[in-house]
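Peer 1: After the sequence you'll find the predicted model.
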Amino acid sequence: MCGVSRYLPEVLAVRLELFRGLKKWDLMEAVARKLTPYDPDDVQWWISWAFATRRSDSIEAARAILVKAVEQHFDVAVVHSNLACYECQLGNLELAKGHLKLSFKIKKRLRLNALDEPDLEPLWDSLGTVAD
């Protein structure tokens, strides 16, 4: 019984946060990858999986995770916001602008966050036009 409890979602969620704090990205990625199919409606698992994957693997792999996530969570601003960051860092500025525009439409206060997000620096000069 003890071995089984290690894989309960509640235990995995604690482990995920522990690995985040320890910056053990590969372990965090593995846990988030396990949690995502268990509860695909919880957008945080997708975000955590992409976050860890960016650090343990590549930004391209993280982007692929969020592309899948946006199919299921199209109306969640943070998915678009994070995807905008990844697209921007990959040089896909028009795609980044599109995701930012959607994120601003869903949650207006994200406009202020975008001005402080280093991943979006290539877009900072055009953020006024993205927000419209």
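Peer 2: Thanks, I have it.
Peer 1: Going by C-alpha atoms from here, please, whenever you check contacts or count neighbours.
Peer 2: OK.
Peer 1: if I look at residue 85, how far off is residue 60?
Peer 2: 12 Å (CA to CA, to the nearest Å).
Peer 1: Same question for residue 83.
Peer 2: 11 Å.
Peer 1: go on, residue 115?
Peer 2: Counting by CA to CA - residue 115 and residue 60 are separated by 23 Å.
Peer 1: coming back round to it: neighbour count: residue 83 and residue 60, which is higher?
Peer 2: Neighbours were counted for residue 83 and for residue 60 using other CA atoms under 10 Å; residue 83 has more, 28 against 15.
Peer 1: so what are the domain limits for this protein?
Peer 2: 1-71, 74-132 (automatic domain parsing).
Peer 1: next one: phi and psi at residue 74?
Peer 2: Dihedral pair for residue 74: phi -60, psi -30, per degrees, to the nearest 10.
Peer 1: for it, what are its contacts?
Peer 2: residue 80 (CA atoms under 8 Å, 6 or more residues apart in numbering).
Peer 1: Need the residue closest to the centroid of this structure.
Peer 2: residue 47 (3.3 Å; CA atoms, centre = their mean).
Peer 1: Find the helix or strand that that one is a member of.
Peer 2: helix 43-56 (DSSP states H and E).
Peer 1: got a list of contacts for that helix?
Peer 2: For helix 43-56, using CA under 8 Å, 6+ apart, the contacting residues are 20, 25-26, 28-30, 32-33, 35-36, 39-40, 59-63, 65-66, 69, 73, 79, 82.
Peer 1: Buried by neighbour count, from these: which ones?
Peer 2: 20, 25-26, 28-29, 32-33, 35-36, 59, 61-63, 65-66, 69, 73, 79, 82 (16 or more other CA atoms under 10 Å).
Peer 1: which ones are touching the closest residue to residue 19 other than its chain neighbours?
Peer 2: Among residues not flanking residue 19 along the chain, residue 28 sits closest, at 5.2 Å (CA to CA, 6 or more residues apart in numbering). Taking CA under 8 Å, 6+ apart, we find residue 28 in contact with 15-17, 19-20, 48-49, 52.
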